[in-house]
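Student: Take a look and give me a structure for this.
(chains A and B)
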There are 2 protein chains.
Amino acid sequence: MQSREQPGWSPEPVAPGPDLHDVPMSWFNIVPNLPAPLPPARDPEDAKGSRLEVQQRIRLDAMRAQDAATDSFLPIPERVRQELAGLGRPTPLLRARALEEYLDTPARIYLKREDVLPTGSFKLNSAVTQAYFAAQQGVGTLVTETGAGQWGHAVAWAARRFGLHAIVFWAGVSARQKPGRHTVIEMLGAQVHQSPSELTAPGKALLRDGRHVLGSLGTAIGEAISYAADHPETRYISGSNLPHVLAHQTVIGQEVKTQLDALGETPDTLIACVGGGSNLGGLMGPFLADKAERGDGLLLLGAESAAAPRLTRGEWRYDHADPEGVTPLTKSYTLGRDYELPDTHVGGLRQHSGSSVVGVLRQQGLLDAVAYEEGEAFDTGRLVLRTEGMLIAPESCHAVRAAIEQAVRARETGAAKTIVACVSGNGALDLDGYTARFGGRAAHA
Amino acid sequence: MQSREQPGWSPEPVAPGPDLHDVPMSWFNIVPNLPAPLPPARDPEDAKGSRLEVQQRIRLDAMRAQDAATDSFLPIPERVRQELAGLGRPTPLLRARALEEYLDTPARIYLKREDVLPTGSFKLNSAVTQAYFAAQQGVGTLVTETGAGQWGHAVAWAARRFGLHAIVFWAGVSARQKPGRHTVIEMLGAQVHQSPSELTAPGKALLRDGRHVLGSLGTAIGEAISYAADHPETRYISGSNLPHVLAHQTVIGQEVKTQLDALGETPDTLIACVGGGSNLGGLMGPFLADKAERGDGLLLLGAESAAAPRLTRGEWRYDHADPEGVTPLTKSYTLGRDYELPDTHVGGLRQHSGSSVVGVLRQQGLLDAVAYEEGEAFDTGRLVLRTEGMLIAPESCHAVRAAIEQAVRARETGAAKTIVACVSGNGALDLDGYTARFGGRAAHA
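Tutor: Purely as a prediction, here's the structure:
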């Protein structure tokens, strides 16, 4: 094929640009709008050196600045708005009529379709943003971790889009479940390592001691940070948990607000699955003022995995986000860093701790939470497939499960509730989990 | 989950319906607008009985009526328009700016995104239509064949949507390549049989003689027809080749026309991949009047597989669409029904013959054609992934490959051509083919 090399990042917008009319002008910054101060990250009292200093060194300048910002709105650079439009934003808000019909409910169920983004998940919103800032800073290589693989996939694409190299530590159990997603990430040119690996000190320690050998988001976080710290020419980026990531995802909630307004709808319930919390923060952040005003009139509901029930059964305390203590201590709902997460297909929710921002929402009583077993999630996925036709990610199934329970309750009370659930991702590259549950006997269940 | 049984088809529209404003009112009927009469199907001169009579018996009434219709526009029933809107029609027309940038071309490349439909391909447009008419006729079970699996997947969903049962004969080689798609079709409750199978006389004959043992769309067609003929309570439906299927797909071309008009664009080139021809007919049918007016000013281009090069190397003559001669004789470009199709991952284009409608367009000089090797198609898929971010079906890669060649030519001549290619389907459930080409070494290519 006669064509020139993949171009690197260019400060010039791609001309002529797509229509930006419907793309938000700013990110919503949740932190200054929380009902209580965000507990700051801090160093543990041990002799292993300052984790906070490491974070300062390995993070992108713009991301540190955004985490420290006190403005309620952070302007989105024009080039990032163009990228978001080019990805197909705003994403559709689907009225799930067939699902409503099946449930025989007076409730109206809306699904925010982040699964239609090109790499198949909402993660792309923050990945293109961080890749843009990395290119602007002159960084050549991004190091990150991924749980289910959706963030790694998004980073692999965004890095290529901006002419950068990407190195991804992937929770081993998820990586092994998903050869297809592995192929795609490699086709994009990223380097993938299953975590725990022999490439880093924390990975080696876990393998040596036989702890967390399945891997998890936590083991991958620890390794990615350690790798970035050992390779000063790289920068480390995160796909969840932190204020700037949640801010990047607020394009979701802002769009939902506009889309509901255009339909003359006021939401009664907003639901997102919750792993690191960026899907939840992204959907709900822009509605925090409504929540403050309406109180119990607006239900904010986080759906988590019963395999990692932080919000429903965890403790609100300081903990490391990785088992080896490479990360600083952050306050969140946690199961404890020694908690051995079971082998499930819900990699995106498979974390022992979570976001401080989400934790404050929960601790202050603004956020309700519910946990589902893996089987309940896949059954929900099959129902969505059978009614609405699309195959959604196992993580997203948790949010839709909660929406269904709310809709069934609405049927019982006769209340015509307006329920919005975020479909964080597509499930076609997570089909192994569905196959494990339904393969060979799917037709007869 | 407390919920009632999946409802069957109801003559009442689902209230309140989605917005139908942008959904076409009619299908465009290509046959009366062809530059030459469509050669009629006929029976062979043998003693095996009339295939035409079998077709009359096993087909849905509405489909036979549509094939015989002489009107240029066939009204789309309100309920079908609601279904199409509910699926997300109109689908986006994406300006592939990143691909253009990569190619450094003055051409504008537009991709019609049929891959975003819930089951991941354009096939759903005809599947919901035929399931609707089957339900209206009181038929309980639909029998069909599928090559790549996209049609079978779409029929499985549409059948469930209208409370029907579906039986799918699937070209064996494709079925074995795609365990994920197999899971999805079974999750939808359809019965799947790999072709050739022991369930039908033509399947048994092929297995006994060791012919076409890999299976193909042709072997599956023969078995589906034979099965339907042996089970009078069922009806047989097709996903391509025939006038009514091409008509159902003209929602694609009609939307493209409206979308280009809104952008102030006039197309110079329209491109579709071509297997049975319904994607091609669906895109190009509504532009036939423009072609008649503009002649060489509008290029219509079919992209086929070099493994089944009917339009570029086949003969324009009568042939059976299946190796055993279960189908009537139809005139099309054919490689001959004894042609043993090689083992490729491009199941949707893996046919020895094709559509009479497409054949007439080709034979009358309105349609150009080009054939690509499987490897060229997958390389194109990787380029689309790397630039635009989405993973497209191997069949669709053929169309985009042709668009890229046209765009490169535009660069050489400096002509700012407007090129439209149809992305017939998503590739996430065809990832095996990509993995076979790139797995394990994708990053280093």
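
Student: what bridges to A:K112?
Tutor: As for beta bridges, A:K112 partners with A:L93, A:C422 under DSSP bridges.

Student: so who does it touch?
Tutor: Residues in contact with A:K112 (CB atoms under 8 Å, 6 or more residues apart in numbering or on different chains) are A:T91, A:L93, A:L94, A:I252, A:E255, A:V256, A:L283, A:V420, A:A421, A:C422, A:V423. To be clear about C-beta, it is placed using only N, CA and C from the backbone, and glycine gets the same treatment.

Student: try 6 Å this time
Tutor: With contact set as CB atoms under 6 Å, 6 or more residues apart in numbering or on different chains, A:K112 has these partners: A:L93, A:V256, A:C422.

Student: Of those, which is the most crowded?
Tutor: A:C422 (31 neighbours; other CB atoms under 10 Å in any protein chain shown).

Student: can I assume that residue is in contact with A:A272?
Tutor: Yes: using CB atoms under 6 Å, A:C422 is in contact with A:A272, at 4.6 Å.

Student: which residues do these two both contact?
Tutor: Joint contacts of A:C422 and A:A272 (CB under 6 Å, 6+ apart) are A:N279, A:L283, A:A399.

Student: and whichever strand or helix holds the second one, what's its mean pLDDT?
Tutor: Right, the one you point to is A:L283. Assessed by DSSP states H and E, A:L283 sits inside helix A:278-284. The pLDDT scores in helix A:278-284 average 98.

Student: same question, stretch A:52-61
Tutor: 97.

Student: Buried residues, it. List them.
Tutor: Across stretch A:52-61, burial judged by 16 or more other CB atoms under 10 Å in any protein chain shown covers A:V54, A:Q55, A:I58, A:R59, A:L60.

Student: Look up the closest residue to the second one, ignoring the ones flanking it.
Tutor: Taking CB to CB, 6 or more residues apart in numbering or on different chains as the measure, A:Q55 lies nearest to A:P328, with 6.3 Å between them; neighbours along the chain are not counted.

Student: Distance of the one you found relative to B:I225?
Tutor: 67 Å (CB to CB, to the nearest Å).

Student: Now do the contacts for the closest residue to chain B within the stretch 1-150 of chain A.
Tutor: In the stretch 1-150 of chain A, the residue that lies nearest chain B is A:P118 (3.0 Å; CB to the nearest CB). By CB under 6 Å, 6+ apart, the residues touching A:P118 are A:L87, B:G389, B:M390.

Student: farthest-separated two in the buried residues of stretch A:52-61?
Tutor: Farthest pair in the buried residues of stretch A:52-61 (CB to CB) is A:V54 and A:L60. Separation: 14.1 Å.

Student: How about the helix or strand encompassing A:D261, which residues are buried there?
Tutor: Applying DSSP H and E as the criterion places A:D261 in helix A:250-263. By neighbour count on 16+ other CB under 10 Å, the buried set for helix A:250-263 is A:T250, A:V251, A:I252, A:G253, A:Q254, A:E255, A:V256, A:K257, A:Q259, A:L260.

Student: A:S356: which of the residues you listed is nearest?
Tutor: Looking across the buried residues of helix A:250-263 and measuring by CB to CB, the closest to A:S356 is A:T250, at 16.7 Å.

Student: Sort out which of the buried residues of stretch A:52-61 are in helices and list them.
Tutor: The helices, defined by DSSP state H, take in A:V54, A:Q55, A:I58 from these.

Student: Disregarding residues adjacent in the polypeptide, which is nearest to the first one?
Tutor: To tie it back to what came earlier, the one meant is A:V54. A:V54's closest residue in space is A:A229 (CB to CB, 6+ apart), at 5.2 Å.

Student: Equivalent analysis for A:P118, please.
Tutor: B:G389 (3.0 Å).

Student: ditto for A:Q130
Tutor: The nearest residue in space to A:Q130 (CB to CB, 6+ apart) is A:I237, at 4.8 Å.

Student: again with A:S353
Tutor: A:T334 (3.8 Å).

Student: what do you get for A:F438?
Tutor: B:M187 is the one closest to A:F438 (CB to CB, 6+ apart), at 5.2 Å.

Student: Show me what the helix of greatest length in chain A is packed up against.
Tutor: Counting residues, the longest helix in chain A under DSSP H turns out to be helix A:394-413. Helix A:394-413 sits against strand A:269-273, strand A:299-305, strand A:367-372, helix A:374-388, strand A:418-423, with contacts defined as 3 or more CB pairs under 6 Å, 6 or more residues apart in numbering or on different chains; DSSP states H and E.

Student: tell me the angle the first one makes with helix A:394-413.
Tutor: Read that as strand A:269-273. 150 degrees (axes from the mean of the first three to the mean of the last three CA atoms, to 10 degrees).

Student: So what touches stretch A:298-309?
Tutor: Against stretch A:298-309 from outside (CB under 6 Å, 6+ apart): A:269-271, A:273-274, A:280, A:284, A:290-291, A:311, A:341-342, A:344, A:346, A:349-351, A:367-373, A:398-399, A:402.

Student: Mark which of those are buried, thanks.
Tutor: A:269-271, A:273-274, A:280, A:284, A:290-291, A:311, A:341, A:344, A:346, A:349-351, A:367-372, A:398-399, A:402.

Student: For stretch A:171-180, what does the pLDDT average out to?
Tutor: 89.

Student: Now do the buried residues in that stretch.
Tutor: A:A171, A:G172, A:V173, A:S174, A:A175, A:Q177, A:K178, A:P179, A:G180.

Student: what residues does it touch?
Tutor: Outside stretch A:171-180, the residues touching it (CB under 6 Å, 6+ apart) are A:147-149, A:194-195, A:214-217, A:220, A:343, A:347, A:429, A:432, B:431.

Student: Figure out the length between the terminal residues of that stretch.
Tutor: 15 Å (CA to CA, to the nearest Å).

Student: Up against chain B, what does chain A have?
Tutor: A:2-4, A:14, A:97, A:103-104, A:116, A:118-119, A:157, A:160, A:180, A:183, A:186-187, A:189, A:382, A:385-386, A:389-390, A:408, A:428-429, A:431, A:434-435, A:438-439, A:442-443 (CB under 6 Å from any CB of the partner chain).

Student: Let's see which of the residues you listed end up in helices.
Tutor: Going by DSSP H, the helices hold A:97, A:103, A:157, A:160, A:180, A:183, A:186-187, A:382, A:385-386, A:408, A:431, A:434-435, A:438 from the residues of chain A next to chain B.

Student: farthest pair in the residues you listed?
Tutor: Longest span within those, CB to CB: A:R160 and A:V408, 43.9 Å.

Student: Comparing the two, which residue is more hemmed in?
Tutor: The neighbour comparison of A:R160 against A:V408 (other CB under 10 Å) goes to A:R160, with 23 against 16.

Student: List the contacts of that one.
Tutor: So A:R160 contacts A:L188, A:G189, B:R386 (CB under 6 Å, 6+ apart).

Student: Give me the distance between the first one and B:F438.
Tutor: So the one you mean is A:L188. From A:L188 to B:F438 the distance is 10 Å (CB to CB).

Student: who has more neighbours, these two?
Tutor: A:L188 (25 against 22).

Student: got the phi/psi numbers for the more buried one?
Tutor: phi -80, psi -10 (degrees, to the nearest 10).

Student: Need the nearest residue in space to it, chain neighbours excluded.
Tutor: A:A156 (3.9 Å).

Student: dump the residue contacts of the one you found.
Tutor: A:A156 touches A:A166, A:I185, A:L188, A:A190, counting by CB under 6 Å, 6+ apart.

Student: repeat for A:Q137
Tutor: A:L60, A:D61 are the contacts of A:Q137 under CB under 6 Å, 6+ apart.

Student: Next, format the contacts of A:K112 as TSV and append pLDDT.
Tutor: What follows is those, written out as TSV (pLDDT from 0 to 100):
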residue	pLDDT
A:L93	94
A:V256	98
A:C422	98
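
Student: Quick check: the gap between the residue of the stretch 201-350 of chain A found nearest chain B and A:R108.
Tutor: Residue of the stretch 201-350 of chain A nearest chain B, by CB to the nearest CB: A:L263 (10.1 Å). From A:L263 across to A:R108, the span is 9 Å (CB to CB).
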